[in-house]
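Enquirer: got a predicted model here, sequence first, then my questions.
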Amino acid sequence: MITIKNYIRAGSLQEAYDLNQSRQNRVIGGMLWVKMANSNVNTAIDLSDLGLDTITETDSEFSIGAMVSLRQIELHEGLNKYTNYAIKKSVGDIVGVQFRNMATVGGSIFGRFGFSDVLTMFLTLDCDVELFKGGIISLEEFSKMERDNDILVRLIVKKTPGNFVYDSMRITKTDFPVIACGVSCVNNEYRFSVGARPAKAILLRDEEGILSNGISEDSISAISKWVAEHTPTQSNLRGSAQYRTHLIEVLIKRNLLKLRGEISGNSNNFE
Amino acid sequence: MEIQITLNNRTIKSNIEPDCLLIDWVREHGCYSVKRGCETSNCGLCTVLLDGKPVLSCSMLAVRANGHNVQTLEGLQEEAKDFVEFIADQGADQCGFCNPGFVMNTISLLRENPNPTDDEIRAYLSGNLCRCSGYEGQLRGIRNYLNSKNK
């Protein structure tokens, strides 16, 4: 159980940041993961009044506030058109509609949780994060950083031309993933994001140029094997490291096959 | 902390602790249809509508609902009546514990999407767990309701 002594709706990012410097205080995001902990919070910091719950689309990018809910990105027409509905696919199995109305994009990304479909998905995009003190850095860099006391303000998804496919394996449909795989081809660069390893998602690229002559049955098999071999996995109650490695190869292969179809109009089963 | 919530069209002022959860607050105000079925924000039994959107009241601080509109099944009897009989006709409910949360989320589904496909029904209600049934009876009930409405 979690206990909270004080609750403050921050009036500014500065106030939220200042409050967050104490280790006893906690930004509560959608409060879904925070609530799971057995802890005593001195001050719960709520970012709800900072206008961070909107998605803004321009010709070149999407700006997604940290307090935007998973349901909002699931239903956002522009984001889903741009990602071939991979965004919808990535969050659609997260518990239920009620949960996704509460869980925030910022909470999921800032937490860099191992189970995060959201982090896995967004790593396939050309995406930056804006931190109140740390400024704008790439999501890939942010994903490798240790958790600190900064405040995540928003995500910036650039509309770099690309194709995106997402899939996950779950023991039961609405549970955490056993493994999550996103594949994209952004500006002709292939990206492979693997989450729920069960550690937090990592992003791999085709370093050996296996796909440099295009995606054929053979090169898809070869790169899927390569990604599986180069992704560290571990065992936990949802599956063994060996099983995960096997699943990575299968899902990367499937995603690439879909991506190949994508170019002629296939998508993430949400046509 | 002083809060003011409109619960089923009644404005209530109350003084709460900062960590009071919305589920406990609505139950304290007589809404016993709202229940805890898990401790992992997974079962959907505690579903209420916050400004019309379904949320898990077990995972929301009551103070976050300050100034907002909260509805529970107690306040939506008429709207529920339309389709619950179709579900009952299928004998879908066994113990009935999950029913209020299920009905609340079905109300929300039908408001958002008045003519859902079976897959859309399954997807929307996937966060409402029932441990007696296999969901088929509920699905048939909702399907029969939609068919009768569209006749």
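Expert: Good, I have the coordinates. In this text the structure is predicted, and so the values were computed from the model without any measurement. Residues are numbered from 1 along each chain as shown, chains lettered A, B, ... in the order given.

Enquirer: lowest average confidence, helix or strand, in chain A?
Expert: Sorting the helices and strands of chain A by mean pLDDT, DSSP states H and E puts helix A:32-36 at the bottom, at a mean of 90.

Enquirer: now chain B against chain A: closest residue?
Expert: Nearest to chain A, among the residues of chain B, is B:Gly127, at 1.1 Å (C-beta to the nearest C-beta). Where C-beta positions appear, they are placed from N, C-alpha and C, glycine not excepted.

Enquirer: who are the packing partners of the least confident helix or strand of chain A?
Expert: helix A:105-111 (3 or more C-beta pairs under 8 Å, 6 or more residues apart in numbering or on different chains; DSSP states H and E).

Enquirer: and chain B, is the helix it packs on touching that?
Expert: No - applying C-beta under 8 Å from any C-beta of the partner chain, one finds helix A:105-111 out of contact with chain B, separated by at least 11.9 Å.

Enquirer: tell me the secondary structure at the spatially most central residue of chain B.
Expert: The centroid of chain B falls nearest to B:Met104 when counting by C-alpha atoms, centre = their mean (2.6 Å). Recorded secondary structure, B:Met104: helix (DSSP: H, G, I helix; E, B strand; the rest coil).

Enquirer: cool, and A:Lys5?
Expert: A:Lys5 - assigned by three-state DSSP - is strand.

Enquirer: any idea how far the closest residue to it other than its chain neighbours is from chain B?
Expert: Leaving aside its sequence neighbours, A:Lys5 sits nearest to A:Asn42 (C-beta to C-beta, 6 or more residues apart in numbering or on different chains; 5.2 Å). Between A:Asn42 and chain B the computed distance is 10 Å (C-beta to the nearest C-beta, to the nearest Å).

Enquirer: hang on, the earlier thing: surely the residue nearest to the centre of chain B and B:Gly75 touch.
Expert: No - contact criterion C-beta atoms under 8 Å: B:Met104 and B:Gly75 do not qualify, at 10.3 Å.

Enquirer: A:Leu203: what's it in contact with?
Expert: A:123-124, A:140, A:143, A:191-193 (C-beta atoms under 8 Å, 6 or more residues apart in numbering or on different chains).

Enquirer: help me confirm that it is found in a strand?
Expert: Yes - membership of A:Leu203 in a strand is supported by three-state DSSP.

Enquirer: who does it form a beta bridge with?
Expert: A:Ser193 (DSSP bridges).

Enquirer: what number of residues lie near the residue in the stretch 151-271 of chain A that chain B sits nearest to?
Expert: For the stretch 151-271 of chain A, the residue closest to chain B is A:Thr174, as judged by C-beta to the nearest C-beta, at 5.3 Å. Residues near A:Thr174, counting by other C-beta atoms under 10 Å in any protein chain shown, number 17.

Enquirer: measure the residue of chain B closest to chain A to A:Arg191 for me?
Expert: For B:Gly127, the distance to A:Arg191 (C-beta to C-beta, to the nearest Å) stands at 30 Å.

Enquirer: now A:Ile252
Expert: Where A:Arg191 is concerned, A:Ile252 sits at a distance of 11 Å (C-beta to C-beta).

Enquirer: identify the contacts common to these two.
Expert: A:Val183.

Enquirer: more neighbours, those two?
Expert: The neighbour comparison of A:Ile252 against A:Arg191 (other C-beta under 10 Å) goes to A:Ile252, with 27 against 20.

Enquirer: in space, what's closest to the more buried one - neighbours in sequence excluded?
Expert: A:Ser224 (4.2 Å).

Enquirer: circling back: and for the least confident helix or strand of chain A, what's in contact with it?
Expert: Residues contacting helix A:32-36 (C-beta under 8 Å, 6+ apart): A:2, A:26, A:28, A:41, A:99, A:102-103, A:107, A:111, A:113, B:40-41, B:56, B:59.

Enquirer: recalculate using a threshold of 6 Å.
Expert: For helix A:32-36, contacts defined as C-beta atoms under 6 Å, 6 or more residues apart in numbering or on different chains pick out A:2, A:28, A:102-103, B:41, B:59.

Enquirer: before we move on, what about stretch A:125-143?
Expert: Contacts for stretch A:125-143 (C-beta under 6 Å, 6+ apart): A:13, A:17, A:112, A:122, A:150-151, A:153-158, A:160, A:186, A:203.

Enquirer: farthest pair within the residues you listed?
Expert: Using C-beta to C-beta, the two most remote members of the contacts of stretch A:125-143 are A:Tyr17 and A:Val186, lying 31.8 Å apart.

Enquirer: picking that back up, next up, the contacts around the residue nearest to the centre of chain B.
Expert: B:47, B:73.

Enquirer: spatially nearest residue to the residue of chain A found nearest chain B (excluding sequence neighbours)?
Expert: With C-beta to the nearest C-beta as the measure, A:Gly96 is the residue of chain A nearest to chain B, at 1.1 Å. Nearest residue to A:Gly96, sequence neighbours excluded (C-beta to C-beta, 6+ apart): B:Gly127, at 1.1 Å.
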